[in-house]
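A.B. asks: only the shape, not the letters, is given here:
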């Protein structure tokens, strides 16, 4: 943790981009995984501890120092992490074990809210003031050291990474063992019954990882085509013929009785290529590696992904093992840039969990002539303050109720970001956005100036 704390401290006081880049490059070159991976996740804003709250930090400090002194100090300094790191008294006993960054992350990820304070207190005793500051910045999710996610990723040595295209399908694993063949989705559901053609073509005694697609003559069809095959328990012959399923392979996890997950990604890739070349592999093909020598070159390739119907890129450390979940740092997804459209808020519904008392699920529409037609629904992309303002506006501008749904006066323009547009028979507009989220609330824009359905249709894939 001390090395990571020193990096954050140096980044904070280094104004130049090149200086920050050099500091991160030196850190990444000197650290091993998982320390390096967690550092990247923290610097790119992808590391979140849901059970750790600033109020817990303040309560810990108030138990160690005079609460009034803490309050005056916080008012003067203006930053909770900095205040507590400076005011925290020395431990009465000798400092204990100084944790590594990986240890802190792994223990906090498993901790309940009631357990967080018990973890933080001995760490704060063991660390010096810079270490305490870095720990609290990490825990409260407010690094603010002038480093963008792009700059942090640029600091990684490209020679350590391999790149693959991220195809626009769904991730699956093919498992053939002991005469049984199974196809699993990312969530662990067995979906083989919906893809009997793939199960029939699956080789014996192997476990493979890849992207489920509709593939015609080697060309990847749109995600809309794949949807015709999803959630069909018993696909008919016409569906199998018109929407031929295939898996584009990324990885090999087991060959015969040998578990390959402990090998590096570069070694597994070599094994996958050798296995694939031994015999014809119907309904399977190999996802090509993307060759590059610099991040700028890779960025240009990624920027052209949309025109090729590709979702983006996957970057994987050549020495990374295959682990469960979504590893941060060793692997990361670099998706193509989002599309945006100005829409009009039409309906609102209460959310779930912490948002159950707020109208936080929004249906929005585009103009078709003089009529607004729904084109999507989103429930993310806004701040808590924006949510409170929208919720109050919905309550004050409801014109009709349909059970839990409120229809509102057409007035608020929502700039929506989304990945792509597909035909849809389930929506009145005839189209559906993929992965829509609120990008901006255009309080300033007249609702009559929102975009049209025709604009959205021009983006169809």
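C.D. replies: Good, I have the coordinates. Please read all numbers here as calculations on a predicted model, not as lab measurements. Residues are numbered from 1 along each chain as shown.
A.B. asks: is residue 334 in a helix, a strand, or coil?
C.D. replies: Three-state call for residue 334 (DSSP: H, G, I helix; E, B strand; the rest coil): strand.
A.B. asks: contact partners for it?
C.D. replies: Listed by C-beta atoms under 8 Å, 6 or more residues apart in numbering, the contact set of residue 334 reads 153, 166, 302, 312, 313, 314, 315. Backbone N, C-alpha and C define where each C-beta goes, glycine included.
A.B. asks: can you do 7 Å?
C.D. replies: Listed by C-beta atoms under 7 Å, 6 or more residues apart in numbering, the contact partners of residue 334 are 302, 312, 313, 315.
A.B. asks: report pLDDT for it.
C.D. replies: As predicted, residue 334 sits at a pLDDT of 81.
A.B. asks: for the nearest residue to it once chain neighbours are set aside, report the pLDDT, please.
C.D. replies: In space, and not counting its chain neighbours, residue 334 is closest to residue 313: 4.5 Å by C-beta to C-beta, 6 or more residues apart in numbering. Confidence at residue 313, expressed as pLDDT, is 89.
A.B. asks: in the stretch 201-350 of the chain, which spans are helices?
C.D. replies: 223-227, 237-242, 265-277, 295-303 (DSSP state H, counting those that start in this stretch).
A.B. asks: how many residues are close by residue 150?
C.D. replies: A count of neighbours around residue 150, defined by other C-beta atoms under 10 Å, yields 11.
A.B. asks: so where's the stretch 1-150 of the chain shaky on pLDDT?
C.D. replies: In the prediction, the stretch 1-150 of the chain carries residues with pLDDT under 70 at positions 94-95.
A.B. asks: got the buried residues for stretch 449-461?
C.D. replies: Neighbour-count burial for stretch 449-461, with 16 or more other C-beta atoms under 10 Å as criterion, is recorded at 450, 451, 453, 456.
A.B. asks: in contact with the first one, which residues?
C.D. replies: With contacts defined as C-beta under 7 Å, 6+ apart, the neighbours of residue 450 are 342, 343, 344, 366, 367, 413.
A.B. asks: output the contacts of residue 334 as a markdown table; include the columns distance to residue 232.
C.D. replies: Below are the contacts of residue 334 laid out as a markdown table (distance: C-beta to C-beta, whole Å):
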| residue | distance to residue 232 |
| --- | --- |
| 302 | 33 |
| 312 | 28 |
| 313 | 31 |
| 315 | 34 |
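A.B. asks: from those, pick the one nearest residue 257.
C.D. replies: Looking at the contacts of residue 334 and their distance to residue 257, the nearest is residue 315, at 31.3 Å (C-beta to C-beta).
A.B. asks: so the closest one bridges to which residues?
C.D. replies: With DSSP bridges as the criterion, the beta-bridge partners of residue 315 are residue 163, residue 332.
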